[in-house]
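Enquirer: coordinates only, no sequence provided:
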């Protein structure tokens, strides 16, 4: 089972996964090893003091919304870039601006394909379900045309690997927002869309994690990505995955290998205290899909990190082909990817999702703190010094 997949300039080392991560049997063995300690274990105060202010500052700087092409969207780019620039200086890394023209035809095709496969094939035209989703699809296809000539920008912070810089692991979160009418699902781009959970929570975790790891000198290269255009059928992450698979970017390293994506999507919501509902979902491809085993290799890093941290979170792996975020784009280009998110099946943020009420006061910061701690420790697991010894 190889962690690294997709196109690379050199053959993938089939023993890489065994060297990088423990087997499930090793996880059982760890339970009897009291001397094993997490890399980041005494940082509760730092996380608690960092995450809430980060969310509030980000939303204050980017209000009223971060819809592509708006003033708030531009402000979000500048906010994240300033943070990345500071961290890059401290880590001797670099900030990469990945520009792209959105593939609107790709988005149009997929909106229509989703309708054809999920609705048209199952419901008659007289059905209320058919009518609702047909109206949404037609409106969505018309709506996204306005973005055809608006350039997108993914922001990438690279912390270079010390020993294996050409082996790259991505962690990402999207920074754009959108509102939908809760009944018709029609896009409402002019309404306030603070997007505290969707997805300032992911951006805050991304920035705090990068800051926490800036002096760690990982063996492998870490790239923290703020994805653009996620709300328009994931066109930002699709553009990046497409360019990585074709070896197009000049900023790619010699003989670079892409180790997959850990995607952060809506990680700030839990309607109750964490001890009452500690569920964190790790979404992968379906079991029957090619590459599903590679996705599981990434969940293994999170499971190990959770064990070492003695996290109160209960990690649940769902192999259901979760196609609601940027992980889907990486799957389209045969890269491994997982989506870390709140419990969509049983505790979804329905009231505030894609509405003006997705505000910072609705978030559960204890939950966000634990997810961020887990993220930092898992990134240390896949890229920490000495991992290959």
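Expert: All right, it came through fine. This one's a predicted model, so the numbers in the text were calculated from it and none came from an experiment. Numbering: from 1, shown residues only.
Enquirer: show me the longest helix that occurs in the protein.
Expert: helix 71-91 (DSSP state H).
Enquirer: give me the contacts around it.
Expert: Residues from elsewhere that reach helix 71-91 (CB atoms under 8 Å, 6 or more residues apart in numbering): 57-58, 61-67, 93-95, 97, 153, 155, 157-160, 175-176, 203, 207, 210-211, 213-215, 224, 226, 228. (Glycine included, C-beta is placed from N, CA and C.)
Enquirer: swap in 7 Å and give it another go.
Expert: Contact with helix 71-91 is made by 58, 61-67, 94-95, 153, 155, 157, 159, 175-176, 203, 207, 210-211, 214-215, 226, as judged by CB atoms under 7 Å, 6 or more residues apart in numbering.
Enquirer: helix, strand, or coil at the residue positioned nearest the centre of the chain?
Expert: Closest residue to the average C-alpha location of the chain: residue 263 at 2.0 Å, with CA atoms, centre = their mean. Secondary structure, DSSP: H, G, I helix; E, B strand; the rest coil: residue 263 is strand.
Enquirer: I figured it hits residue 339, correct?
Expert: Yes - under the criterion of CB atoms under 7 Å, residue 263 makes contact with residue 339 at 4.6 Å.
Enquirer: shared neighbours, these two?
Expert: With CB under 7 Å, 6+ apart as the test, residue 263 and residue 339 both reach 325, 327.
Enquirer: the stretch 201-350 of the chain: strands as residue ranges?
Expert: Secondary structure of the stretch 201-350 of the chain (DSSP state E, counting those that start in this stretch): strands located at 220-227, 257-264, 279-284, 314-319, 337-341.
Enquirer: what is the least confident helix or strand in this protein?
Expert: helix 24-30 (a mean of 38; mean pLDDT, DSSP states H and E).
Enquirer: next structured bit after that helix?
Expert: Once the chain leaves helix 24-30, the next helix or strand it forms, by DSSP states H and E, is helix 44-62.
Enquirer: in that next one, which residues are buried?
Expert: Neighbour counts using 16 or more other CB atoms under 10 Å place 47, 50-52, 54-56, 58-59, 62 of helix 44-62 among the buried residues.
Enquirer: that helix vs helix 71-91, what angle?
Expert: Counting by axes from the mean of the first three to the mean of the last three CA atoms, to 10 degrees, helix 44-62 lies at 140 degrees to helix 71-91.
Enquirer: and helix 44-62, average pLDDT?
Expert: In this model, helix 44-62 carries a mean pLDDT of 90.
Enquirer: again with stretch 69-80
Expert: Mean predicted confidence for stretch 69-80 is 98.
Enquirer: so how far is it from its chain's centroid?
Expert: In terms of CA atoms, centre = their mean, to the nearest Å, the centre of stretch 69-80 is set 19 Å apart from its chain centre.
Enquirer: mind listing what's buried in it?
Expert: 70, 72-73, 75-77, 79-80.
Enquirer: also stretch 119-139?
Expert: Here stretch 119-139 shows 119-120, 123, 130, 133-134, 136-137, 139 as buried, counting by 16+ other CB under 10 Å.
Enquirer: pretty sure residue 230 sits against residue 326.
Expert: Yes - with contact defined as CB under 7 Å, residue 230 reaches residue 326; the gap is 5.7 Å.
Enquirer: helices along the stretch 51-200 of the chain, start to end?
Expert: 71-91, 104-115, 128-143 (DSSP state H, counting those that start in this stretch).
Enquirer: using JSON lines, please lay out the ones you listed together with distance to residue 303.
Expert: Listed next are these as JSON lines, based on distance: least, CB to CB, whole Å:
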{"stretch": "helix 71-91", "distance to residue 303": "27"}
{"stretch": "helix 104-115", "distance to residue 303": "32"}
{"stretch": "helix 128-143", "distance to residue 303": "37"}
